[in-house]
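>>> Sequence below, structure please.
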Amino acid sequence: MAHEGIFATSDEILVKAGANVDAAAKTEARINALCKQAESLINATCRVNYSDTYAALNADKKGLLSEVASNLVAIYLIQYEMAGYTSRVEAEDMINILRDGALRGLSLLRDKKQTDFISSA
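Residues are numbered from 1 along each chain as shown. Here you go, the predicted structure:
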């Protein structure tokens, strides 16, 4: 099955989820479904349908979208099954770091001043 996510690649997501992510969680079908959820969440939160206009976006905006989407999907994969991690604390720490990155990216994407700056660059 081919990767269907627009904003982030499977490789970006799996690197962030870490080596201990559950094997059943990292199937391409599951990653595709989770990418669709993350992309819809980003579009709704930002009130912009980036999925439909992705090809026309500049590299900086694509980078932010990739950062947020890959962080969100990695969180979903870690949450699927935490037993593979050395401890629940390790998994939760990874989720916290990824969540902070996703929230930072969403904040930048929602900020009209930042969006105008990035689009003009």
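
>>> State the distance from residue 36 to residue 3.
Using C-beta to C-beta, to the nearest Å, one gets 12 Å for the distance from residue 36 to residue 3. Every C-beta, even on glycine, is put in place using the N, C-alpha and C of the backbone.

>>> which residues of this protein fall in helices?
Secondary structure of the chain, counting by DSSP state H: helices at 10-17, 28-46, 50-53, 59-80, 88-110, 112-120.

>>> ok, and what's touching the first one?
It refers to helix 10-17. Defining contact as C-beta atoms under 8 Å, 6 or more residues apart in numbering, one finds that helix 10-17 is touched by 3, 5, 21, 25-26, 28, 31, 35, 66, 70-71, 73-74, 77-78, 94, 98.

>>> ChimeraX command for the buried members of those residues?
Restricted to buried positions by 16 or more other C-beta atoms under 10 Å, the ChimeraX selection for these reads:
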select :5,21,25,31,35,66,70,71,73,74,77,78,94,98
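
>>> What score does the residue positioned nearest the centre of the chain have for pLDDT?
What sits nearest the mean C-alpha location of the chain, by C-alpha atoms, centre = their mean, is residue 69, with 1.8 Å. Here, the pLDDT recorded for residue 69 equals 98.

>>> residues contacting it?
Counting by C-beta under 8 Å, 6+ apart, residue 69 touches 5, 7, 8, 35, 38, 39, 42.
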